[in-house]
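Novice: What follows is a predicted structure for the sequence shown.
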Amino acid sequence: MKQTFAAFALCSIALPALADEPVIENATARQSGGSWTFSVTLSHPDTGWDHYADGWRVLDMDGNELDLRVLAHPHEHEQPFTRSLSGVQIPDGITSVEIQARCLVDGWGQEAYILTPR
């Protein structure tokens, strides 16, 4: 049976924001067989190879990393941009996941995008 994770909420932790943190504009997930394909749209003021959004990851609600999408180059002239990751394994019983983005300079963002199945 195919399931879809839908955007549920954009949460932020009450901590000081880092400069130039990547923003997750949208995220979706589709189940195909026993795995999932996630598509994540990010925006970030990439300035070139020295400062760009360089990845995003799928976490369970306890903060355990389920999979990672590495972004291998800057997207200075493509903002926002969407990249996908296939073959993500979501353990049985997981009802929501978090998506977190990373910047080469500032590290992991403090905002998490939450997906919950419909």
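Specialist: Arrived safely. Numbers count the residues shown, from 1 in each chain.
Novice: dump the residue contacts of the spatially most central residue of the chain.
Specialist: The residue at the geometric middle of the chain, judged as the C-alpha nearest the mean C-alpha position with CA atoms, centre = their mean, is residue 99 (3.6 Å). Residues counted as contacts of residue 99 (CB atoms under 8 Å, 6 or more residues apart in numbering) are 24, 27, 38, 40, 56-59, 112-115. Quick note: C-beta positions are derived from backbone N, CA and C, even for glycine.
Novice: Nearest to residue 104 among the residues you listed?
Specialist: Distances from the contacts of residue 99 to residue 104 were compared by CB to CB; the smallest belongs to residue 56, at 12.7 Å.
Novice: Tell me the secondary structure at that closest one.
Specialist: Three states are possible here, and by DSSP: H, G, I helix; E, B strand; the rest coil the one that applies to residue 56 is strand.
Novice: Hmm, it is touching residue 103, no?
Specialist: No: in this structure residue 56 lies outside contact range of residue 103 using CB atoms under 8 Å: 10.5 Å.
Novice: first vs last residue of stretch 93-109, how far apart are they?
Specialist: By CA to CA, to the nearest Å, the extent of stretch 93-109 from end to end equals 26 Å.
Novice: Please identify the buried residues of it?
Specialist: Of the residues in stretch 93-109, those buried by neighbour count under the rule 16 or more other CB atoms under 10 Å are 97-104, 106, 108-109.
Novice: same deal with stretch 35-55?
Specialist: Buried positions in stretch 35-55, judged by neighbour count with 16+ other CB under 10 Å: 36, 38, 40-42, 44, 46, 51-55.
Novice: Just give me the closest of the contacts of residue 99 to residue 67.
Specialist: When the contacts of residue 99 are compared for distance to residue 67 (CB to CB), residue 58 wins out at 5.0 Å.
Novice: That closest one contacts residue 96, correct?
Specialist: No: the criterion here is CB under 8 Å, and residue 58 misses it with residue 96 at 11.1 Å.
Novice: Of the buried residues of stretch 93-109, which pair is most distant in space?
Specialist: Taking CB to CB, the two most distant members of the buried residues of stretch 93-109 are 97 and 104; they sit 23.7 Å apart.
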